[in-house]
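Student: everything below, folded, please.
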Amino acid sequence: MKVKYNFAFFDEGSKREIRRATLKAVAIPGYQVPFASREMPIGRGWGTGGLQLTLSLIGREDILKVIDQGADESVNAVNIKKLVKKTTGVETTDETDKATLIQSRHRIPEVPLKMGQILVLQVPIPEPLRLVEPSEYRTKRLHRDKEYSGAWLMLFEQIIKYGTMATGADHPVMVNDRYVMAPSPIPRFDNPKMNYSELLILLGAGREKKVYAVPPYTKVESLAFEDYPFQKENFEDKHCGLCGKTGVYMDELVDKNTGQTYYQCNDTSNCLKTLNEERFYNEDL
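Tutor: A predicted model of the protein is given here:
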């Protein structure tokens, strides 16, 4: 028997409730808005927060792109894409510049995003103070009072121990000079992309039942000290072993045959696009 779903899986009341929480999040940049996280046909922790945002916002004319740590073809990305397509019938794409709605886990695409696009980031732990304060009641009071000494102390301890800030991902940011926010586990390389970006960035945590946002043209600064400024991962002297691209976030890999280390673009669709452009250029020559 063929199962019939409502458009975008949810009933209309559920979508309206999630949209109301999203509107509040957009109105107060960086503020964590609680919402009634729904049961999903995937386990919590596999992107249910981002998926609920996507399903509540997507329209019939949208073009969807889903990526997981830079890859369009990973298990998580493929299955989320299948679920959304099955319940909406919308067009999907691997090309960042063609997508109107992008759901991502742990990366912001390399291709500069523009006005009119929406980026939905999956978030496991939305509270940037959770490592220093386990109580939800107390973290809410700390945000109310703009008391973020715990976040600064966490970075200071890293400097004392390692000689530098050692946040490999999810480095906390200050949004609109008001709220300290967890940017989801994106690498430090992606943090500057949030600052005064042209697109709307939404962040959803299904297990923690929170949604928050960075509206277009919003100030986003990574926490850092004057004598220990924020530094993103440096790939200036590296190039992709496939497409030759430089200045992008790369994965460090080891050749099984030779044991030599090489680098490859983390954003697989951007890498493939560069390869196709070079092939087309060489054929014209």
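
Student: residue ranges of the strands in this structure, please?
Tutor: Listed in chain order, the strands of the chain (DSSP state E) span 33-34, 63-68, 91-92, 101-105, 118-122, 173-175, 179-181, 200-205, 210-214, 220-222, 250-254, 261-265.

Student: please, where are all the helices along the stretch 1-150 of the chain?
Tutor: 12-27, 48-57, 75-88, 136-145, 149-162 (DSSP state H, counting those that start in this stretch).

Student: please identify the most buried of those.
Tutor: Highest mean neighbour count of the helices of the stretch 1-150 of the chain: helix 48-57, a mean of 25 (counted as mean count of other CB atoms under 10 Å). For the C-beta atoms, the positions are set from N, CA and C on the backbone; glycine is no exception.

Student: how far does that one sit from the chain's center?
Tutor: Helix 48-57 has its average C-alpha position 13 Å from the chain's average C-alpha position, going by CA atoms, centre = their mean, to the nearest Å.

Student: helices or strands up against it?
Tutor: Packing contacts for helix 48-57, counted by 3 or more CB pairs under 8 Å, 6 or more residues apart in numbering; DSSP states H and E, involve helix 12-27, helix 75-88, strand 101-105, strand 118-122, strand 200-205, strand 210-214.

Student: report the distance from the first one to the chain centre.
Tutor: It refers to helix 12-27. Using CA atoms, centre = their mean, the offset of helix 12-27 from its chain centre is 19 Å.

Student: before we move on, what about the last one?
Tutor: Put simply, strand 210-214 sits 11 Å off its chain's centre (CA atoms, centre = their mean).

Student: now tell me what touches it from outside.
Tutor: With CB atoms under 8 Å, 6 or more residues apart in numbering as the test, strand 210-214 has contacts from 18, 21-22, 25-26, 29-35, 49, 53, 123, 126-127, 175, 181, 194, 197, 200-205, 220.

Student: for the helices and strands packed on helix 48-57, could you give me CSV that also reports distance to residue 131 and mean pLDDT?
Tutor: Formatted as CSV, these follow (distance: least, CB to CB, whole Å; pLDDT from 0 to 100):
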stretch, distance to residue 131, mean pLDDT
helix 12-27, 23, 97
helix 75-88, 25, 94
strand 101-105, 21, 97
strand 118-122, 19, 98
strand 200-205, 16, 98
strand 210-214, 16, 98
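
Student: now those in CSV, with distance to residue 249?
Tutor: Below are those laid out as CSV (distance: least, CB to CB, whole Å):
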stretch, distance to residue 249
helix 12-27, 27
helix 75-88, 17
strand 101-105, 13
strand 118-122, 15
strand 200-205, 17
strand 210-214, 19
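
Student: closest one to residue 242 among those?
Tutor: Each of the helices and strands packed on helix 48-57 has some distance to residue 242 by CB to CB; the shortest is helix 75-88, at 19.5 Å.
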